[in-house]
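A.B. asks: Dropping a prediction and its sequence here:
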Amino acid sequence: MPLTLRLATPTDLPAIVTLIRRVVPLMNETGNFQWSADYPNEAVFQKDIRQQQLWVAELDGQLLGIAALTNNAQDPEYAQADWDPTTPAVVTHRLAVDPAAQGQGVAAALLQQAEVLAREWSLNTLRVDTNSENAATQRLFPKLGYRFAGEITLGFRPGLRFFCYEKKIEG
């Protein structure tokens with residue numbers, strides 16, 4: 001049975017929170033402190049769901065991954081990256097895959113959904129950032145055609161460095 005991608009609903013919240021509780025300790029163990037026990041939290045995901053920007057990946061009814069896919073204006077701090085901050089883009093945030101499903105194409109499927117949305121929204125730019133300590137995503141993004149677009153810092157995550165990636169697609 002193929003992976004199903006759909007917008008998250010409020011009934012998905014318990015599974016989403018459980019997923020994050022499984023992912024964060026593994027991230028932290030590898031020195032990646034992009035996320036913590038406090039972030040991302042249920043309130044963040046409730047807002048994503050209200051704004052219809054949180055996507056889930058399921059297999060046989062089991063939630064395997066999530067990603068917030070937005071086309072909102074980016075925070076001014078993203079102007080530090082090597083891209084034109086005035087160009088509208090689909091931006092991937094809060095990409096997470098259940099540890100038991102990592103390496104099985106779940107993240108790639110969610111990033112492919114960002115491309116689908118970009119075409120629906122008549123955009124040709126995709127963006128994503130990741131903690132400088134997240135080796136897995138730093139390998140994944142270039143494989144999917146994203147170019148490294150520099151390093152930034154974010155005021156709401158002091159002490160951390162983030163690597164930015166951008167991909168251009170045909171409309």
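C.D. replies: Yep, it's here.

A.B. asks: remind me which residues of the chain are low pLDDT?
C.D. replies: 1, 171 (pLDDT under 70).

A.B. asks: Which element is encountered next along the chain beyond the longest helix along it?
C.D. replies: Taking DSSP state H as the criterion, the chain has its longest helix at helix 13-29. Note on helix 13-29: by DSSP states H and E, the next helix or strand toward the C-terminus is helix 42-50.

A.B. asks: Could you check the angle that next one makes with helix 13-29?
C.D. replies: 120 degrees (axes from the mean of the first three to the mean of the last three Cα atoms, to 10 degrees).

A.B. asks: Give me the distance between the two termini of stretch 71-86.
C.D. replies: 12 Å (Cα to Cα, to the nearest Å).

A.B. asks: buried sites along that stretch?
C.D. replies: By 16 or more other Cβ atoms under 10 Å, the buried positions in stretch 71-86 come out as 71, 74, 78, 80-81, 83. Quick note: C-beta positions are derived from backbone N, CA and C, even for glycine.

A.B. asks: Show me the contact partners of that stretch.
C.D. replies: 88-91, 117, 121, 123, 125, 127, 129, 149-155, 164, 166 (Cβ atoms under 8 Å, 6 or more residues apart in numbering).

A.B. asks: How far away from the center of its chain is it?
C.D. replies: 16 Å (Cα atoms, centre = their mean, to the nearest Å).

A.B. asks: Asn28: neighbour count?
C.D. replies: If you count neighbours by other Cβ atoms under 10 Å, Asn28 ends up with 15.

A.B. asks: Hmm, I typed the wrong one, I wanted Gln138.
C.D. replies: 15.

A.B. asks: All good on my end, thank you.
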